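Asks: Fold the following for me, if possible:
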Amino acid sequence: MGQLKVRFTVEHHNEQNSFTCLDELRQYSYSNSLLSRVTDFEVRIKRAAADEWLRKKLVALTHPFEISLIHKKADSTPSDLTQRA
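Replies: As a prediction, this is how the structure comes out:
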């Protein structure tokens, strides 16, 4: 299979620079700022994905419990609930 070559173009103030690899990017004065922002963005994306995964797992784990609790409350009379409390 062939390789895919990607060229990025970055606008900084009135400059416009293109690069295809990290070594080319490092030639520009703003490269450290850009790389730190990309790294920060990557961390936030991973954290959001982990939070979403955890939320789905918790919903899946607690959903049967909620159904069971609703059935128990529906089957109980008001006096049963006060006696349990």
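Asks: quick check: mean pLDDT across the helix or strand hosting residue 49?
Replies: Residue 49 is part of helix 31-75, with elements assigned from DSSP states H and E. In this model, helix 31-75 has an average pLDDT of 80.
Asks: State the distance from residue 13 to residue 38.
Replies: Applying C-beta to C-beta, to the nearest Å, the value for residue 13 to residue 38 is 19 Å. For the C-beta atoms, the positions are set from N, CA and C on the backbone; glycine is no exception.
Asks: Those two: which has the busier surroundings?
Replies: Higher neighbour count among residue 13 and residue 38: residue 38, with 10 against 6, using other C-beta atoms under 10 Å.
Asks: What separation is there between that one and residue 8?
Replies: From residue 38 to residue 8 the distance is 11 Å (C-beta to C-beta).
Asks: Point to the residue nearest the middle of the chain.
Replies: Residue closest to the average C-alpha location in the chain (C-alpha atoms, centre = their mean): residue 48, at 2.0 Å.
Asks: which residues does it contact?
Replies: Residue 48 makes contact with no residue under the criterion C-beta atoms under 8 Å, 6 or more residues apart in numbering.
Asks: quick one: it from residue 54, how far?
Replies: 11 Å.
Asks: Go through stretch 4-16 and list whatever outside residues touch any part of it.
Replies: 17, 18, 19, 20, 25, 28, 30, 34.
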